[in-house]
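*Asks:* Okay, sequence plus prediction incoming.
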Amino acid sequence: MENQVALEKENNAEVLYLAFELSHKKWKLGFGDGKAPQVRQVNIDARDLEACRREIQNAKKKLGMAESAAVRSCYEAGREGFWLHRALEAMGIDNMVVDASSIEVNRRQRRAKTDRMDVEKLVRQLVRYWRGERDVWSVVRVPSRKAEDDRQHHRALEVLKEERKQHRVRIQSLLYTHSIDVKVGTKFLEKLERLRCWDGESIPEQMRQRIQDEYHRLQLVEVQIRELKAKQAEQVRAEEKSAAIEKVQRLQRLIGIGLGSSWIFVMELFGWRQFQNRRELAAAVGLTPTPYNSGDSTREQGISRSGNRRIRKLLIEIAWAWLRFQPDSQLSQWYNERFAKMGNRMRRVGIVALARKLVIALWRYLESGTVPKGAQLKAAA
């Protein structure tokens, strides 16, 4: 009864609904009052917040609303990140960032799609959301500025590691064009002078110079990786630690989980997200099942993969490491009993199931101190 009364008050209150269709040069704004089917649309220059504020006031006048009417807005998550969300919140607007992949679309093979149609749909779905249809789309959890900044360290390290691999592969590919197969190690430049092509000739001068330049870029990346890892270790060893760093240290106590993986777990997930139950946690990392039951057709479509891809990828790696370093744990024994003696496909299916159980066990360990059953902790330093 109370919910019904609150919903009636909500429907009678004056609310301006605003949707953004963002692009590099222009933004399209769609306005609606939740009553008339028409959606008022205007264009402004991208990132012009003052123009946005003026158009909001103009929309209230056009729709016959008081200047004090509440404003609720939305935009699709994308390259703009969360700065616009914070700016709108600072303007007193109740904003939400929407997962674009969760927005319903026409399933016809060919469908019309324009910015005008998109912003109209966003306005109408925003109205539906605030009238109680909370499953109309998925809302993105916005991290605090501090939590967002804390994620830059390991993401920069991730990019550098990928660049290191690219440099090594490029060097090996260049050498392979002259029938030379060699690993790129620390003393590579010394080996380069002694390498010979298929006919016994030395590597051509321009090719050698290009390989040397590529190797120098590789060395620069190696230096940057070492510096980032040193900063990471220094933060963990510091006397004054944040709550996130303390969680990193606690995860490190578990055998099989090192600094790099514990850091990503905390900064991407456990350091700033609050979960009510295990289902909510599994959904955040995209490890929820997606069954298909229609008529006589029943099948399992696999995991949703709609959550944090970094955490999901890391969980699979840690699940394999868990079997190796925590063989006596209840989770490892469960996997061995159900999947270890089966074929390769079922073992891969099983490791995903183990990863789901593992992330729940790690969450409980950080929140309540409950060590996963049978798991071993590292000896105190």
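*Replies:* Nice, thanks for sending it over.
*Asks:* least trustworthy helix or strand in this protein by mean pLDDT?
*Replies:* The weakest-scoring helix or strand in the chain, judged by mean pLDDT, DSSP states H and E, is helix 2-12 (a mean of 49).
*Asks:* hey, C-alpha coordinates of the helix or strand just after that one in CSV?
*Replies:* Proceeding N to C from helix 2-12, the next assigned helix or strand is strand 15-22, under DSSP states H and E. Output of strand 15-22 as CSV, limited to C-alpha atoms (Å, rounded to 0.1, in the frame of the first residue of the first chain):
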residue,chain,number,x,y,z
VAL,A,15,9.5,15.8,-13.3
LEU,A,16,11.4,16.7,-16.4
TYR,A,17,13.0,13.7,-18.1
LEU,A,18,16.2,14.3,-20.1
ALA,A,19,18.2,11.9,-22.3
PHE,A,20,21.5,12.5,-23.9
GLU,A,21,22.7,11.1,-27.2
LEU,A,22,26.4,11.9,-27.1
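*Asks:* Direction included, what does strand 15-22 pair up with?
*Replies:* strand 26-32 (antiparallel), strand 70-76 (parallel) (DSSP bridges).
*Asks:* which of these sits most buried?
*Replies:* Comparing the strands paired with strand 15-22 by mean neighbour count (mean count of other C-beta atoms under 10 Å), strand 26-32 ranks first with a mean of 22. Glycine gets a C-beta too; all of them are placed from N, C-alpha and C.
*Asks:* How far does that strand sit from its chain's centre?
*Replies:* For strand 26-32, the gap between its own C-alpha mean and the chain's C-alpha mean amounts to 27 Å (C-alpha atoms, centre = their mean, to the nearest Å).
*Asks:* same thing with stretch 262-270?
*Replies:* Between the centre of stretch 262-270 and the centre of its chain there are 11 Å (C-alpha atoms, centre = their mean).
*Asks:* Please parse this structure into its domains.
*Replies:* Per automatic domain parsing, the structural domains of the chain span 2-142, 148-239, 244-368.
*Asks:* Format those domains as a markdown table; extra columns: distance to Lys378.
*Replies:* Below are the domains of the chain laid out as a markdown table (distance: least, C-beta to C-beta, whole Å):
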| stretch | distance to Lys378 |
| --- | --- |
| domain 2-142 | 32 |
| domain 148-239 | 14 |
| domain 244-368 | 5 |
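*Asks:* right, so of the ones you listed, which gets closest to Leu377?
*Replies:* domain 244-368 (5.0 Å; C-beta to C-beta).
*Asks:* one step back: would you list the strands paired with strand 15-22 in CSV and tack on distance to Ile303 and mean pLDDT?
*Replies:* Formatted as CSV, these follow (distance: least, C-beta to C-beta, whole Å; pLDDT from 0 to 100):
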stretch, distance to Ile303, mean pLDDT
strand 26-32, 34, 97
strand 70-76, 23, 97
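*Asks:* Pull the number of nearby residues for Gly258.
*Replies:* Neighbours of Gly258 under the rule other C-beta atoms under 10 Å: 13.
*Asks:* Identify the residues contacting it.
*Replies:* Gln252 (C-beta atoms under 8 Å, 6 or more residues apart in numbering).
*Asks:* now it: how far from Trp130?
*Replies:* 45 Å (C-beta to C-beta, to the nearest Å).
*Asks:* what does Phe275 give?
*Replies:* 24 Å.
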